[in-house]
Structure formats: structure tokens, C-alpha cells
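Trainee: Build me a structure from this.
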Amino acid sequence: MTYHRPRALFALRPVHLPLLFPNTVQNRIAQYADLDPAFAVERLDDPRIAALLPELEILITGWGCPPLNDAFLDSAPRLRAVLHAAGTVKAHVTKAVWDRGILVSSAAEANAIPVAEYAVGAILLAGKGVFGARERYRGDRTFTPAEVMPDVGNYGRRIGIVGASRIGRQVISHLIRHDFTVHLYDPYAASASASVEVPRLELEELLATSDIVSLHAPATPETHHMLDRDRLALLPDGAVLINTAQGSLIDTDALIDELKTGRISAILDVTTPEPLPGQSVLFDLPNVFLTPHIAGSHGNELARMGASIADELERLVTGLPLRHRIHYQDLDTAA
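Mentor: Numbers count the residues shown, from 1 in each chain. Now for the predicted structure:
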């Protein structure tokens, strides 16, 4: 079947182009769009694209795309869709895009997969006591075979998930396959997916009754420092706090004070500020496991996001509804 192949353009950092869109994905895109597979721009006023803009229908964006302002939108009157090959669109898709009826979609669902995998892996390792055991083994350089470790193990662990976001829902779907007791708190309960079939608790009760707490809420004014000094104090002795969401969800100073006591542990892929200052005590505390914001898509995982955009492009051109369409009214509560 033959389809109209709309004019399209990549607007992202050129260094990401071959990683997001390897040859197999580029071949799919070429079936449904007329574009140069080796060309991407970071400036929408780039003189090289001036002649293309009046005919442009599809903009495929990624990291490095500038805001889609009125001047650009005026120069591209036929633009009908922005397909974002990354997570959030908040940095570049302006309200003017929605006001003009332009469709917006993103690869946030695809980007959620590695974050959920990281979080689930961290939960499983934390429940097994791996991080503390590693520190002890590195310090002692020996261990006692068949030593009884009564506080280690994942059977019946109580896991608290904060946020039924794309990632939070994926984490829950993984966890319910294990012998965990899983509870959810969502700061936007009314918008939380009805398909999340785990018991819900208020935040204070979830914190006070969970062995491991994993954060998956968006950064909004309402969630800023939602884990403050008083709420961190609710965590039971020996609890583990995991953050792959946003550093701003936690009061960093309060967390440091709590961690210094040795009462709880933390696995942090995101922090405030980011990166941390080199003198931060978080680098040195033995009960803290830090990674440099690596939970999201990296390396060969980027191609999954490109493939997601190729899927959306096919649906758009063949008259099917976008699977991952983003609506303006959902931005405030999106992670």
C-alpha cells in the first residue's frame, strides 16, 4: 500500500542521531517520511532548513531541540506532529504547539523501561543486603561461610512505591511477580492508573511500614521535598530509600543527617544538586550507593526510543491514533 510520505526533519543533537536511529530504524522511518537520515539541526533558524520549513509536516525531536516558539511555528505552517525521541517534552514543546492543534508524542514509555529495570534491580539487591555486604567484605577482606544473616532476604519484603507514573507502574508490574508485599502512594491519586492493582496507603503510613521505598513521582511544586525531615524520620530502622525520579523530591540536607546516623540506607541515581559538589558527604557514607543519573536510556537502549518514534510515525501516516500522544493538561502531573 502506498502512503503520502510527509516532509520531516530531525531536530536534536547530531551526535545522538545514529544512536537513536540506527540503520534498521532509519529504514523504517524512510518508508513513511521524506527526510535526510543523516541530517539533524539544533537551531530551528538554521538557514539550511529555511526552504524546507514551509513544507514541513513532521518534526522528530530529541535532546538538544530548542523551544518551538511562535517564530518557528509561523515558518512551518503545515507542521502537524512533533514526535519526541526522548522522555519529557516540557523543555521544548511550548503551549503554542498545542494551541495550534499540533499532535505531540514522546518515547517516554520506552525510556521508562531501563529506569524500571534499574529500580527493580536495586530493590532486589537491597533486599538481599548486597550493598552492605559488599562494604563489609571490602573492609574485612574475609567472611564467615554459612554465617546467619537474619535481616537479609526478599521473601515477604514490604516495598513502598511512591508515584504511579509510567515508571512506577512498570516497577509494580515487575515486583508483583516476586514474593513482595507492595503498596502504593500516589501524590495525584485521582490521575493514577486504575490498572495498578496494589493496595494504596497515605504517604506517612507507607514510609513507616516499608522496608524499601522507591520514588517515581514527578517534580512539581506539590512534590518538592515531599520527603522532608519529618517524613524521613518515619522510615523504619534498616529501611532503604531509592530515588531514580527527581532529586527535588527529597530534602537533601535532611537525608544526609538521617544517613549519617546509619539508621537507613539510600540508593540515589538522582540528587539535588546534580552533579553533587565534590565535597558532598554522600560520596563517602558507606550506606549510600550513588550512580551518575544512568537509570534512563543510554547506549544501545537509545535505539528503543528511536524505534518507538518509528512506530508512532507509521501510525500517524497510516491514519491510526498515536499510541503515546501527550496532552497539554497532563503535563503538570507527568514524571
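Trainee: Next up, identify which helix or strand Asp109 is on.
Mentor: Quick fix: residue 109 reads Glu, not Asp. helix 108-127 (DSSP states H and E).
Trainee: Using CSV, write out every CA atom in that helix.
Mentor: Taking Å, rounded to 0.1, in the frame of the first residue of the first chain, the C-alpha atoms of helix 108-127 are listed here in CSV:
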residue,chain,number,x,y,z
ALA,A,108,8.7,8.4,27.5
GLU,A,109,7.2,4.9,27.7
ALA,A,110,10.3,3.4,26.1
ASN,A,111,12.6,5.4,28.3
ALA,A,112,10.7,4.2,31.3
ILE,A,113,11.8,0.6,30.7
PRO,A,114,15.5,0.9,31.7
VAL,A,115,14.6,3.1,34.7
ALA,A,116,12.2,0.5,35.9
GLU,A,117,14.8,-2.2,35.3
TYR,A,118,17.3,-0.2,37.4
ALA,A,119,14.8,0.3,40.2
VAL,A,120,13.7,-3.3,40.3
GLY,A,121,17.4,-4.5,40.3
ALA,A,122,18.2,-2.1,43.1
ILE,A,123,15.2,-3.3,45.1
LEU,A,124,16.2,-6.9,44.7
LEU,A,125,19.8,-6.3,45.6
ALA,A,126,18.9,-4.1,48.5
GLY,A,127,16.5,-6.7,49.9
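Trainee: any idea how far that helix is from the chain center?
Mentor: How far helix 108-127 lies from its chain's middle: 10 Å, per Cα atoms, centre = their mean, to the nearest Å.
Trainee: Moving C-terminal from it, which element do we reach first?
Mentor: Criterion used, DSSP H and E; the element after helix 108-127 is helix 130-140.
Trainee: Tabulate the CA atom coordinates of that next one in PDB.
Mentor: Once non-C-alpha atoms are left out, helix 130-140 reads as follows in PDB (Å, rounded to 0.1, in the frame of the first residue of the first chain):
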ATOM      1  CA  VAL A 130      24.100  -6.800  48.800                       C
ATOM      2  CA  PHE A 131      25.200  -3.200  49.300                       C
ATOM      3  CA  GLY A 132      26.000  -3.600  53.000                       C
ATOM      4  CA  ALA A 133      27.600  -7.000  52.400                       C
ATOM      5  CA  ARG A 134      29.900  -5.600  49.800                       C
ATOM      6  CA  GLU A 135      31.100  -2.800  52.100                       C
ATOM      7  CA  ARG A 136      31.700  -5.300  54.900                       C
ATOM      8  CA  TYR A 137      33.600  -7.700  52.600                       C
ATOM      9  CA  ARG A 138      35.700  -4.900  51.100                       C
ATOM     10  CA  GLY A 139      36.600  -3.700  54.600                       C
ATOM     11  CA  ASP A 140      37.200  -7.100  56.300                       C
END
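Trainee: Does the closest residue to Arg80 other than its chain neighbours belong to a helix, a strand or coil?
Mentor: In space, Arg80 comes closest to Glu57 once its chain neighbours are excluded; the distance is 5.4 Å by Cβ to Cβ, 6 or more residues apart in numbering. C-beta coordinates here come from the backbone N, C-alpha and C atoms, glycine included. Three-state call for Glu57 (DSSP: H, G, I helix; E, B strand; the rest coil): strand.
Trainee: Spit out the contact partners of Glu57.
Mentor: Taking Cβ atoms under 8 Å, 6 or more residues apart in numbering as the criterion, Glu57 is in contact with Pro6, Arg7, Ala8, Arg78, Leu79, Arg80, Ala81.
Trainee: Now render these as TSV, adding secondary structure, pLDDT and distance to Leu53.
Mentor: Listed next are the contacts of Glu57 as TSV, based on DSSP: H, G, I helix; E, B strand; the rest coil; pLDDT from 0 to 100; distance: Cβ to Cβ, whole Å:
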residue	secondary structure	pLDDT	distance to Leu53
Pro6	coil	97	13
Arg7	strand	98	9
Ala8	strand	98	12
Arg78	coil	98	9
Leu79	coil	98	8
Arg80	coil	98	13
Ala81	strand	98	15
